[in-house]
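Asks: just coords:
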């Protein structure tokens with residue numbers, strides 16, 4: 001009888017051996033990693049946005065104060081993410097995804113009674129203003145929420161998927177992106193419906209149970225860090241005797257880059273800037289979409305209605321991008337993404353006009369469809385897999401910091417100038433500058 005210990009609980013062949021599957025286990029990895037990213041939705045801005053007005057009402061904070069709390073929490077979590085990448089390299093995907101899922105679930109429980117906790121502390125220490133206490137509590141909650149959800153759970157799932165495929169990496173990333181894009185797009189509607197039925201507190205508690213228990217079990221049961229630990233090879237290739245005797249080669253027969261070496265390449269910064277601009281701009285717009293719509297004299301339903309058709313376009317573009325990533329130099333795909341982003345930002349500055357609302361949907365649909373593939377394919381292709389966790393962790397730090405800046409950046413213009421328009425024009429200039437930078441991208445080489 002097998003004795004259960006912490007060691008064999010984490011054995012790649014327990015409770016089953018992936019190599020015994022009648023098909024390549026990477027297809028299971030594709031499914032569970034896609035589920036992992038979707039399960040991070042409560043920690044993504046699109047998930048938080050459904051609870052924004054309820055937090056404002058419960059805590060009494062202003063929109064600018066809440067935006068600043070979100071900024072500080074997201075910024076801090078971003079600075080901590082490189083350590084998450086190092087932990088991923090050290091302990092592997094299985095341990096990391098289980099810990100991130102449990103951490104995210106506990107954070108959702110904490111946020112569900114954050115206003116009541118602020119009241120308890122204020123009653124105990126009445127000398128401290130309630131608003132200050134509520135602000136600090138939300139900052140701590142956003143740090144944990146963004147670190148566990150948008151950060152570690154997302155990073156681990158995308159990095160793991162990249163380790164299991166090489167020649168088909170673009171294709172599987174495109175397939176994954178289709179479902180992730182659809183999942184993210186219906187999240188606000190799903191959460192709003194749940195809030196109408198259960199209330200905002202119970203909705204967070206329900207999501208906490210699903211993520212911590214459901215995703216935690218999926219992570220332990222199905223996640224495996226890489227095919228080699230399961231006596232498999234990327235893409236389902238067959239082992240030869242030589243394969244067992246030598247270390248598996250990095251992508252494109254190039255040596256693996258360390259994080260320091262990757263950071264010295266132009267391509268790393270091009271990839272990171274392109275993804276970061278999407279994180280900054282779309283996060284900021286998503287966070288304030290209802291208010292941006294109100295400024296354009298649109299109802300809340302009219303403002304949020306852009307997400308569903310955007311999801312349809314993102315789904316189609318994501319699939320095409322996955323196919324193209326295996327055949328076309330990624331530099332040109334970055335340019336397509338930036339052009340879509342430029343169209344979206346330029347159009348939303350005239351959000352009240354029907355034609356420009358359509359162009360907003362098209363532009364952000366294109367850039368959003370590109371994001372899934374271009375956030376998963378480039379790093380393992382250009383820099384190998386040996387230090388992928390630490391490289392991904394550093395990149396995710398920058399992406400999370402960018403997403404932290406977006407809501408506060410737009411909120412400052414609204415607060416000081418009374419309109420989001422100047423902030424949106426600033427985002428447009430940023431997108432144009434990054435498009436220009438992509439022309440100078442060169443594939444890194446380390447033989």
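Replies: Right, received. Where do you want to start? Because the structure is predicted, anything quoted here is derived from the model rather than measured.

Asks: touching, residue 36 and residue 159? I think so.
Replies: No. In this structure residue 36 lies outside contact range of residue 159 using C-beta atoms under 8 Å: 10.6 Å. Every C-beta, even on glycine, is put in place using the N, C-alpha and C of the backbone.

Asks: now stretch 30-39: buried residues?
Replies: Buried residues in stretch 30-39, counting neighbours by 16 or more other C-beta atoms under 10 Å, are found at 30, 32, 33, 34, 35, 36, 37, 38, 39.

Asks: ok, the second one - contacts?
Replies: Residue 32 makes contact with 218, 219, 222, 223 under the criterion C-beta atoms under 8 Å, 6 or more residues apart in numbering.

Asks: try 7 Å this time
Replies: 218, 222, 223 (C-beta atoms under 7 Å, 6 or more residues apart in numbering).

Asks: do the same with residue 259
Replies: Contacts of residue 259 (C-beta under 7 Å, 6+ apart): 387, 390, 391, 394.

Asks: so how far is the helix or strand where the third one lies from its chain's centroid?
Replies: Counting by DSSP states H and E, the element that carries residue 391 is helix 388-417. From the chain centre to the centre of helix 388-417 is a distance of 12 Å (C-alpha atoms, centre = their mean, to the nearest Å).

Asks: beyond that helix, next helix or strand please.
Replies: helix 421-438.

Asks: pLDDT on that next one, on average?
Replies: Averaging pLDDT along helix 421-438 yields 93.

Asks: against which helices or strands is that helix packed?
Replies: With contacts defined as 3 or more C-beta pairs under 7 Å, 6 or more residues apart in numbering; DSSP states H and E, helix 421-438 has these neighbours: helix 266-287, helix 330-348, helix 388-417.

Asks: so for residue 318, which of those helices sits nearest?
Replies: When these are compared by C-beta to C-beta, helix 330-348 sits nearest residue 318, at 11.1 Å.

Asks: who's in contact with that closest one?
Replies: Residues outside helix 330-348 that contact it (C-beta under 7 Å, 6+ apart) are 270, 274, 277-278, 281, 285, 292, 321, 324-325, 356, 359-360, 362-364, 366-367, 370, 374, 377-378, 424, 427-428, 431-432, 434-435, 438, 441.

Asks: mind doing that once more with 8 Å?
Replies: 270-271, 274, 277-278, 281, 285, 292, 317, 321, 324-325, 356-357, 359-360, 362-367, 369-371, 373-374, 377-378, 381, 424, 427-428, 431-432, 434-435, 438, 441.

Asks: Provide a list of residue ranges in the stretch 301-447 of the chain with pLDDT below threshold.
Replies: Within the stretch 301-447 of the chain, the segments meeting pLDDT under 70 span 446-447.

Asks: who are the contact partners of residue 155?
Replies: Neighbouring residues of residue 155 by C-beta under 8 Å, 6+ apart: 81, 84, 85, 88, 389, 392, 393, 396.

Asks: what distance do you get for the first one to residue 257?
Replies: When you say that, I think you mean residue 81. Residue 81 sits 19 Å away from residue 257, going by C-beta to C-beta, to the nearest Å.

Asks: and residue 444, helix, strand or coil?
Replies: For residue 444, the assignment made with DSSP: H, G, I helix; E, B strand; the rest coil gives coil.

Asks: now do the contacts for the closest residue in space to residue 271 that isn't next to it in sequence.
Replies: Computed as C-beta to C-beta, 6 or more residues apart in numbering, the closest residue to residue 271 that is not its neighbour in sequence is residue 378, at 4.7 Å. By C-beta under 8 Å, 6+ apart, the contact list for residue 378 reads 267, 271, 330.

Asks: quick revisit: which of the contacts of residue 155 lies closest to residue 11?
Replies: residue 88 (18.5 Å).

Asks: thinking again about what came up before, just the buried ones out of the contacts of residue 378, please.
Replies: The neighbour count (16+ other C-beta under 10 Å) marks 267, 271, 330 as buried among the contacts of residue 378.

Asks: make TSV out of these and add distance to residue 307.
Replies: Listed next are the buried ones among the contacts of residue 378 as TSV, based on distance: C-beta to C-beta, whole Å:
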residue	distance to residue 307
267	32
271	26
330	27
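
Asks: quick one, helices of the stretch 1-150 of the chain?
Replies: Under the criterion DSSP state H, counting those that start in this stretch, helices of the stretch 1-150 of the chain are mapped to 6-9, 26-39, 45-48, 52-59, 63-112, 114-124, 130-145.

Asks: between those, which one is nearest to residue 204?
Replies: Of all the helices of the stretch 1-150 of the chain, it is helix 63-112 that lies closest to residue 204, at 4.1 Å by C-beta to C-beta.

Asks: helices or strands next to that closest one in the packing?
Replies: For helix 63-112, the packing partners by 3 or more C-beta pairs under 8 Å, 6 or more residues apart in numbering; DSSP states H and E come out as helix 52-59, helix 130-145, helix 154-164, helix 200-209, helix 216-222, helix 388-417.
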